[in-house]
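Undergrad: Need the 3D shape of this:
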Amino acid sequence: MTDPITGAVASAVANKSISKVAEYIEQSDDGEATWKESGKQLAIKVRTVYTQNKNATVRVDDRFSRELERYGKFATELAVRGRVRGFDEEYCDRLENLGEVTTDLARG
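TA: Residues are numbered from 1 along each chain as shown. Alright, predicted model coming up:
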């Protein structure tokens with residue numbers, strides 16, 4: 001069974017609610033661990049969305065692109081939040097890279 005914060009973060013990521021994720025990070029006893037879990041859940045969601053839609057029709061591709069772009073912005077915002085709070089710099093770089101790659105995929 002997963003811990004409650006992991007489920008809550010996964011739900012917030014699935015709903016593209018960066019404000020809810022930020023709230024969980026702020027309220028957590030270990031904000032950095034919650035932040036890292038948020039990044040992990042986001043990467044899982046991006047991979048899932050990409051895998052499910054990579055061969056979609058043109059009409060679905062527009063929606064797919066918008067969804068990927070939102071997740072790219074989400075990853076970038078998580079990276080910025082991590083830098084501001086002094087969290088793991090390497091993980092910040094990974095989130096920033098995820099944001100860039102995801103946004104590039106959305107626009108490509």
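Undergrad: In this protein, what residue spans correspond to helices?
TA: Counting by DSSP state H, the chain has helices at residues 4-14, 18-27, 31-53, 58-85, 89-107.
Undergrad: so can I have TSV of the ones you listed showing mean pLDDT?
TA: Putting the helices of the chain into TSV (pLDDT from 0 to 100) gives the following:
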stretch	mean pLDDT
helix 4-14	79
helix 18-27	88
helix 31-53	91
helix 58-85	87
helix 89-107	95
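Undergrad: Can I get these in TSV including mean neighbour count?
TA: For the C-beta atoms, the positions are set from N, CA and C on the backbone; glycine is no exception. Output for the helices of the chain, formatted as TSV (neighbours: other CB atoms under 10 Å):
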stretch	mean neighbour count
helix 4-14	17
helix 18-27	16
helix 31-53	18
helix 58-85	17
helix 89-107	17
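Undergrad: Quick check, C92 in contact with G82.
TA: Yes. Under the contact definition of CB atoms under 8 Å, C92 touches G82, with a separation of 4.5 Å.
Undergrad: residues contacting I5?
TA: I5 makes contact with Y24, S28, T34, E37 under the criterion CB atoms under 8 Å, 6 or more residues apart in numbering.
Undergrad: Can you convert these into CSV and add a column each for distance to L68?
TA: Written out in CSV, the entries for those read as follows (distance: CB to CB, whole Å):
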residue, distance to L68
Y24, 23
S28, 28
T34, 24
E37, 21
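Undergrad: Give me the residue at the spatial middle of this structure.
TA: Geometric centre of the chain, nearest residue: L42, 3.1 Å, by CA atoms, centre = their mean.
Undergrad: Can you tell me the closest non-neighbouring residue to that residue?
TA: V13 (5.2 Å; CB to CB, 6 or more residues apart in numbering).
Undergrad: How about N53, nearest residue that isn't a chain neighbour?
TA: Spatially, and ignoring its direct neighbours in sequence, N53 is nearest to F64 (4.1 Å; CB to CB, 6+ apart).
Undergrad: From E77, how far off is the one you found?
TA: Counting by CB to CB, to the nearest Å, the separation of F64 from E77 is 21 Å.
Undergrad: what residues are up against the closest residue in space to R66 that isn't next to it in sequence?
TA: Taking CB to CB, 6+ apart as the measure, R66 lies nearest to A106, with 7.3 Å between them; neighbours along the chain are not counted. With contact set as CB under 8 Å, 6+ apart, A106 has these partners: S65, R66, E67, L68, E69, G72.
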